[in-house]
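Student: the sequence isn't on hand, but the structure is:
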């Protein structure tokens, strides 16, 4: 799955990800850092994590979820579905406000 995010777009804290283009601001537990193109990040289940784009350039990510199953939730969110409702439907625990980088 590829994600393209404009300035101010992100996801709430809740992935294996690789940064294809741009700079991602990542929160993983108590740690916050920036990951640039070429970076590969592994985020564990059970640790609150989020990403956001703070630049004026597009952010392109490749995301791998193991085990799979979250693809439909991400499609729903990308098409404008309410994140809270999707989180409840897919048993994802949102632990904070939207992270915009």
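Tutor: It's in. Computed from a prediction, not measured in an experiment: that's the story for all the values here.

Student: quick check: nearest residue in space to residue 43, chain neighbours excluded?
Tutor: Spatial nearest neighbour of residue 43, chain neighbours left out: residue 49 (4.3 Å); criterion: Cβ to Cβ, 6 or more residues apart in numbering. (Each C-beta comes from the backbone N, C-alpha and C, glycine too.)

Student: ditto for residue 41
Tutor: Once flanking residues are discounted, residue 41 sits nearest to residue 17: 5.1 Å by Cβ to Cβ, 6+ apart.

Student: how about residue 21?
Tutor: Distance criterion Cβ to Cβ, 6+ apart; nearest residue to residue 21, sequence neighbours excluded, is residue 60 at 4.0 Å.

Student: wait, that neighbour sits on residue 17?
Tutor: No. The criterion here is Cβ atoms under 8 Å, and residue 60 misses it with residue 17 at 10.6 Å.

Student: of the two, which one has the most company?
Tutor: Each of residue 60 and residue 17 has its neighbours counted (other Cβ atoms under 10 Å); residue 17 has more, 21 against 17.

Student: next, the buried residues of whichever strand or helix holds the more buried one.
Tutor: Assigned by DSSP states H and E, residue 17 falls within strand 16-21. Neighbour-count burial for strand 16-21 flags 17, 18, 19, 20 (criterion: 16 or more other Cβ atoms under 10 Å).
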